[in-house]
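Based on what follows, work out the 3D shape:
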Amino acid sequence: MVRNRLHEGGMRARRPQVKAGSQLSTCDRRDRVWRRRGERSAACNILQHDRFGSGSVMVWGGISLGGRAALHVLARGSLTAIRYRDEILRPLVRPYAGAVGPGFLLMQDNARPHVAGVCQQFLQDEGIDAMDWPARSPDLNPIEHIWDIMSRSIHQRHIAPQTVQELADALVQVWEEIPQETIRHLIRSNAQVL
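Okay, here's the model as predicted:
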């Protein structure tokens with residue numbers, strides 16, 4: 001096995017040293033480099049990482065056993081209750097709930113925009129039921145596994161996104177490429193835990 005040979009050569013898997021660079025952030029706590037003791041600062045063991053503030057993308061996505069909503073990339077700025085209602089609930093959740101039909105249940109966490117009065121009122125007015133989410137509970141939403149899959153897929157690309165727009169485009173592509181069977185499996189596994 002390759003790992004055994006590397007160990008015999010005195011090499012161990014370690015987190016890379018992170019250095020500011022010119023690329024969009026691709027640092028992942030799962031990243032590892034194989035190195036010997038004392039080689040931490042060798043150029044080949046340093047991961048380039050950009051620390052500029054505009055290098056992130058906020059997205060929203062919805063999944064169900066039968067499909068998924070389009071991935072929505074939010075423009076700059078923080079997510080407020082008004083933005084959540086106007087950019088997510090009204091144009092995305094409402095039609096998706098209608099397509100799923102009776103029995104649709106919205107699963108979302110207790111983030112402030114989600115539980116704000118304007119959003120709760122909107123859901124009530126539209127007849128959309130939301131699952132009660134206990135405070136300080138572990139995040140059991142299966143979409144968290146999807147975000148992890150997407151993150152790993154982006155980090156494994158041979159050419160990392162260089163701009164925020166390239167990152168947004170890559171995320172949309174990865175979202176669309178996730179097999180529906182993977183989504184079904186995650187939802188069913190999560191239902192067994194609940």
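
which regions of this structure lie under the pLDDT threshold?
Counting by pLDDT under 70, the chain has low-confidence residues at 1-36, 38-55, 136-140, 191-194.

Helices of that one, residue ranges please.
Counting by DSSP state H, one finds helices in the chain at the ranges 2-8, 81-83, 94-100, 112-115, 117-126, 143-155, 164-177, 180-193.

Of these, which is nearest Ala69?
Checking the helices of the chain against Ala69 by CB to CB gives helix 94-100 as the closest, at 4.7 Å. Where C-beta positions appear, they are placed from N, C-alpha and C, glycine not excepted.

Would you mark the buried spots in stretch 155-167?
For stretch 155-167, a neighbour-count test (16 or more other CB atoms under 10 Å) marks Ala160, Pro161, Val164, Leu167 as buried.

isn't the last one right next to Ile154, touching?
Yes: shown here, Leu167 and Ile154 form a contact pair, counting by CB atoms under 8 Å, at 7.3 Å.

Looking at the record's assignment, how would you partition this protein?
Using automatic domain parsing, the domains assigned to the chain come out as 2-49, 58-193.

So of the buried residues of stretch 155-167, which two are at opposite extremes in space?
Every pair in the buried residues of stretch 155-167 was compared (CB to CB); the two farthest apart turn out to be Ala160 and Val164, at 12.5 Å.

how far away is Ile128 from Val93?
Counting by CB to CB, to the nearest Å, the separation of Ile128 from Val93 is 7 Å.
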